[in-house]
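Chemist: A structural model of the following input is requested.
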Amino acid sequence: MKKFLIISMASLALVSSRAYATSIGGDIGFGHYWASEVGISGLALSGHIDIALSKGWSIAPTIELWMGSEDDESITDLTPAVALKYTSSSKGATPFFGFEPQLHILSALDESVSYLGLGGFGGVAIPVSPKMSVPLQASYGLIFGEGSTVNMFTAKIGIAVKL
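Modeler: Sure thing, here's the model as predicted:
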């Protein structure tokens, strides 16, 4: 599974080198991580660049930072990812969806570990001007840890600018 995710991320990055950037954006939202009976909620911040491949399809290199705390212990998750994204060509509010292999760099108490993950997302981009939109997005993902899988759900709002 790890080899598949690493090869997928490398392949998506290579394909994107032959395309052009169409938009850039950033998001803020609420994220919740849980495994078994333990759950932690926190703030998620992310930035991305959409790189067109063909009509409707794009590659979106993304970096996300999630921060939460439990019992006075701060936990962070820095996640680089490369998403394969489809955006509808409809006028007005534009639906989109995609999936992404992810690398999660988790830190707590001066200790850091890395795990691979896989996520899916969907949402709608609401235009506010010809060059700017407000995307509303929900995502669900899995982090494949040692002996357990962590679930994550994030709801975000952001700004995207067409280039």
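
Chemist: Please make it C-alpha for all contacts and neighbour counts, starting now.
Modeler: Fine.

Chemist: what helix or strand is the residue nearest to Gly29 when sequence neighbours are not counted on?
Modeler: Of all residues not flanking Gly29 in the chain, Lys156 sits nearest, at 3.9 Å (CA to CA, 6 or more residues apart in numbering). Using DSSP states H and E, Lys156 sits in strand 149-162.

Chemist: what is the mean pLDDT for that strand?
Modeler: Mean pLDDT, computed over strand 149-162, is 94.

Chemist: same deal with stretch 93-101?
Modeler: Here the average pLDDT along stretch 93-101 is 96.

Chemist: so what's Val134 up against?
Modeler: Under the criterion of CA atoms under 8 Å, 6 or more residues apart in numbering, the neighbours of Val134 are Ala125, Ile126, Pro127, Val128, Ile157, Gly158, Ile159, Ala160.

Chemist: contacting residues around Leu65?
Modeler: Ala44, Leu45, Ser46, Thr76, Asp77, Leu78, Thr79.

Chemist: Quick check: phi and psi at it.
Modeler: In terms of degrees, to the nearest 10, the main-chain angles of Leu65 are phi -120, psi 120.

Chemist: How about it: which residues does it bridge to?
Modeler: Leu45, Leu78 (DSSP bridges).

Chemist: Tell me the spacing between it and Gly31.
Modeler: Leu65 sits 10 Å away from Gly31, going by CA to CA, to the nearest Å.

Chemist: what's the overlap in contacts for those two?
Modeler: In contact with both Leu65 and Gly31: Ala44, using CA under 8 Å, 6+ apart.

Chemist: For burial, what's the neighbour tally of the residue nearest to Gly29?
Modeler: Using other CA atoms under 10 Å, Lys156 is surrounded by 20 other residues.

Chemist: Now do the contacts for it.
Modeler: Counted by CA under 8 Å, 6+ apart, Lys156 has contacts Asp27, Ile28, Gly29, Phe30, Ala44, Leu136, Gln137, Ala138.

Chemist: Name whatever forms a beta bridge with it.
Modeler: Gly29, Gln137.

Chemist: Take the contacts of Leu65 and write them to a markdown table, including pLDDT.
Modeler: As requested, the contacts of Leu65 are exported to a markdown table (pLDDT from 0 to 100):
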| residue | pLDDT |
| --- | --- |
| Ala44 | 95 |
| Leu45 | 95 |
| Ser46 | 95 |
| Thr76 | 94 |
| Asp77 | 94 |
| Leu78 | 95 |
| Thr79 | 95 |
